[in-house]
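Asker: Need coordinates for the following:
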Amino acid sequence: IKSMQALPLIESGAADHYGFGPAEIALACASHSGTERHTTLAAAMLKRAGLDHTALGCGAHVPGHEATAKAMIRAGAEPNALHNNCSGKHSGMLATAAHLGEAPADYWRPDHPVQRRVHAALRDVTGLELGADVRGIDGCSVPYWAMPVSALATAFARMATGERLARERASAARRIMEACWAEPELVSGPGRLDAHLMASLPRRVFSKTGAEGVYCAALPERGLGIALKAEDGNPRASHAAMAAIACRLFPELAAPPALAPLRNWRGFQVGEVRVGADLARALDRLAVV
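Answerer: You can find the predicted model right below:
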């Protein structure tokens with residue numbers, strides 16, 4: 001839902017006030033890999049708002065980008081909140097608060113104006129009430145809400161088409177998607193599926209992976225939203241499913257990394273990741289729609 005959580009960044013005027021372009025807006029939607037480019041850009045966003053990484057409430061974890069993580073270990077460096085995959089989202093939220101003259105402290109709490117705006121945007125885009133009874137706390141500490149995958153698919157379709165959204169919100173959604181298509185590696189990272197799909201199919205596929213085996217996408221040309229969840233929360237399954245959907249709908253797409261052969265430590269192919277028969281049959285039906 002990060003693209004939807006970024007709507008207030010655009011609608012409030014904060015993005016324009018701080019001169020955020022496609023790179024910054026894409027990072028505000030990111031589950032990034034923590035490369036130097038990701039962390040440097042997040043720090044620059046905060047600096048424009050008069051803040052630094054100590055204002056981030058997302059916590060710290062080791063970068064997801066293997067080479068970056070290994071370099072930090074060799075250097076004896078500890079990760080900070082900028083390395084968190086959500087630091088771009090949090091930087092955007094803090095920039096919105098700074099632009100509107102709101103206290104940055106506790107910006108991640110449900111009752112802060114930052115999160116109330118996000119909540120209102122999510123209710124509008126999903127069409128759900130999203131009350132406190134379905135609210136939880138994300139890994140990065142901001143609120144999130146349980147919702148059916150059908151509502152996520154609806155939300156992605158509305159973001160892509162602007163259908164049932166006010167003109168200003170539809171315009172903000174389009175600007176967010178254009179930013180992600182312009183800077184797909186900032187949304188995820190080198191070699192990752194979101195970067196592959198959006199770089200290969202700009203303006204045709206807008207995609208975003210999530211935690212616990214959730215994956216969503218929009219197909220603007222078809223006016224469709226897609227949402228899926230692997231029951232056991234395994235991202236290998238959700239990534240393979242989304243890759244298979246994309247390949248079936250766009251035959252020209254090069255085989256995504258999620259469908260690569262499985263190799264052992266000596267490089268021998270020992271298997272492959274593929275979708276099950278039920279999903280394959282469903283894709284056969286979808287391909288002719």
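
Asker: need the helices for the stretch 1-150 of the chain, in chain order.
Answerer: For the stretch 1-150 of the chain, the helices defined by DSSP state H, counting those that start in this stretch cover 2-5, 7-11, 14-17, 22-28, 36-48, 66-75, 87-99, 113-126, 149-161.

Asker: quick one, which of those helices is nearest to Leu219?
Answerer: Nearest to Leu219 among those is helix 149-161 (7.1 Å), distances taken as C-beta to C-beta. For glycine as for every other residue, the C-beta is placed from the backbone atoms N, C-alpha and C.

Asker: Next secondary structure after that closest one?
Answerer: helix 167-182 (DSSP states H and E).

Asker: mean confidence for that next one?
Answerer: Here helix 167-182 scores 98 as its mean pLDDT.

Asker: ok, and the closest non-adjacent residue to Leu122?
Answerer: The spatial neighbour of Leu122 that comes closest, neighbours along the chain excluded (C-beta to C-beta, 6 or more residues apart in numbering), is Met4 at 5.5 Å.

Asker: isn't that neighbour right next to Met159, touching?
Answerer: Yes - counting by C-beta atoms under 8 Å, Met159 is a contact partner of Met4 at 6.9 Å.

Asker: So these two - more neighbours on which side?
Answerer: Neighbour totals were compared for Met4 and Met159, and Met159 leads with 26 against 23 (other C-beta atoms under 10 Å).

Asker: Name the nearest residue to the more buried one, ignoring sequence neighbours.
Answerer: Leaving out its chain neighbours, the residue that sits closest to Met159 by C-beta to C-beta, 6+ apart is Ala173, at 4.4 Å.

Asker: ok, how many other residues are close to the one you found?
Answerer: Ala173: 28 neighbours (other C-beta under 10 Å).

Asker: Count the residues that sit near Pro143.
Answerer: What Pro143 shows, counting by other C-beta under 10 Å, is a neighbour count of 21.

Asker: gap between it and Ser171?
Answerer: To Ser171, Pro143 is 25 Å away according to C-beta to C-beta, to the nearest Å.

Asker: Could you do Ala217 as well?
Answerer: According to C-beta to C-beta, Ala217 stands 21 Å off from Ser171.

Asker: Compare those two and say which is more crowded by neighbours.
Answerer: Of the pair Ala217 and Ser171, Ala217 is the one with more neighbours under other C-beta under 10 Å, namely 25 against 14.

Asker: what helix or strand is that one on?
Answerer: Judged by DSSP H and E, Ala217 forms part of strand 214-219.

Asker: what's that strand in contact with?
Answerer: Applying C-beta atoms under 8 Å, 6 or more residues apart in numbering, the contact partners of strand 214-219 are 149, 152-153, 155-157, 159-160, 177, 197, 204-210, 224-229, 238-239, 241-242, 245-246, 249.

Asker: For PyMOL, write a command that selects the buried ones of these.
Answerer: Selection of buried members from the contacts of strand 214-219 for PyMOL, criterion 16 or more other C-beta atoms under 10 Å:
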select buried, resi 152+153+155+156+157+159+160+177+197+204+205+206+207+208+209+210+224+225+226+227+228+229+238+239+241+242+245+246+249
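
Asker: ok, and for the worst-scoring helix or strand of the chain on mean pLDDT, which residues are buried?
Answerer: Using mean pLDDT, DSSP states H and E, helix 277-287 stands out as the lowest-scoring helix or strand of the chain, at a mean of 81. By neighbour count on 16+ other C-beta under 10 Å, the buried set for helix 277-287 is 279, 283.

Asker: gap between that helix and the chain center?
Answerer: 26 Å (C-alpha atoms, centre = their mean, to the nearest Å).

Asker: cool, and stretch 230-239?
Answerer: With C-alpha atoms, centre = their mean as the basis, stretch 230-239 stands 16 Å off its chain's centre.

Asker: go on, stretch 71-83?
Answerer: Centroid separation between stretch 71-83 and its chain, computed with C-alpha atoms, centre = their mean, is 23 Å.

Asker: Same question for stretch 244-257.
Answerer: 20 Å.

Asker: Alright, that wraps it up for me.
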